[in-house]
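In: Just a sequence and a predicted model for now, questions to come.
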Amino acid sequence: MPTKMRLQRHGKKGRPFYHIVIADGRAPRDGRFIEKIGTYNPVAKPAEIDLEFAKAYDWYSKGADPTPTVKNILSDIGVLYYDHLMRGVKKGAFTKEVAEVRFNEWKEAKEAKAHSAVKAVELGEKEVNKKRLEAEVKANEARAEEIAKKRMKEMEAARKAAAGETAGEETEEVAEEAVVEEEAPVAEAPVAEAPVAEEPVVEAPVAEEPATEEPATEEPAEEKPAAE
């Protein structure tokens, strides 16, 4: 079987990290390998690829068969495009110097595109963080406002409770004063009524009896002319 260019898994669970290796096609995926030519970290955004370009091109040009993932990595790094240019040089389509110029132009454009992608990712992360911070600020303000309202209600309830207790004490004092005022006249009433009990000693009806007898004394005076 041909030599394979494959990924050998490393890293923790949920955070994979791969070595790019040259291995015998009959060997297990994570078994023995011939040579390590780079690493691949898919967890990073964007993914991080560290590959020895010359070794990767040498093995690929010798017929090493890359797995689909490793082939995508070789294409992204430019190994496949460089191999295409070198085949054109062998066919005499252009010189090696022209191939190198074309490859460098492609590489610069690729790096600029990757840089733009990194900037876009960074801006996206900053925007997400900004929105998250704004949401947290709004949530904190709403929470603070709610706490302030709750405290105001508690203070108002305490003030009303204190006012109610004060009003209750004043009502009790007024009630006690009213009871005292009502009980005072009841205690003095017998003293004020003592002279009233002595009024029958005056005997006013006895003094009016001579006035009723006066008409009887005047009757003989009217009878004098009749005697003449």
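Out: Here it is on my side, so go on.

In: What residue spans form the domains of this protein?
Out: The chain breaks down into these domains under automatic domain parsing: 3-93, 108-185.

In: So what's the residue count around His19?
Out: Per other CB atoms under 10 Å, the neighbour tally for His19 reads 17. From N, CA and C alone the C-beta is placed, and that goes for glycine too.

In: mind listing what it touches?
Out: Counting by CB atoms under 8 Å, 6 or more residues apart in numbering, His19 makes contact with 7-8, 10, 36, 38-40.

In: So which of the domains of the chain is the most surrounded?
Out: Using mean count of other CB atoms under 10 Å, the stretch among the domains of the chain with the largest mean neighbour count is domain 3-93, at a mean of 15.

In: circling back to that earlier point, from the contacts of His19, which ones fall inside strands?
Out: The strands in this structure, assigned by DSSP state E, contain 7-8, 10, 36, 38-40 from those.

In: re the thing from before, distance to Val118 and pLDDT added to the contacts of His19, as TSV?
Out: Shown next, in TSV, are the contacts of His19 (distance: CB to CB, whole Å; pLDDT from 0 to 100):
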residue	distance to Val118	pLDDT
Leu7	23	93
Gln8	27	91
His10	24	89
Lys36	26	93
Gly38	20	94
Thr39	19	94
Tyr40	17	94
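
In: Show me which pair in those is furthest apart.
Out: His10 and Gly38 (12.8 Å; CB to CB).

In: Just the helices from this structure, written as ranges.
Out: Assigned by DSSP state H, the chain shows helices spanning 53-61, 68-77, 79-91, 96-192, 204-207, 209-222, 224-227.

In: and the fourth one with helix 79-91, angle?
Out: What that stands for is helix 96-192. Helix 96-192 and helix 79-91 are oriented at 170 degrees to each other (axes from the mean of the first three to the mean of the last three CA atoms, to 10 degrees).

In: From the contact counts, what lies against helix 96-192?
Out: helix 79-91 (3 or more CB pairs under 8 Å, 6 or more residues apart in numbering; DSSP states H and E).

In: Other residues contacting the helix it packs on?
Out: For helix 79-91, contacts defined as CB under 8 Å, 6+ apart pick out 51, 53, 56-57, 60-61, 71, 74-75, 94-96, 99, 102-103, 106.
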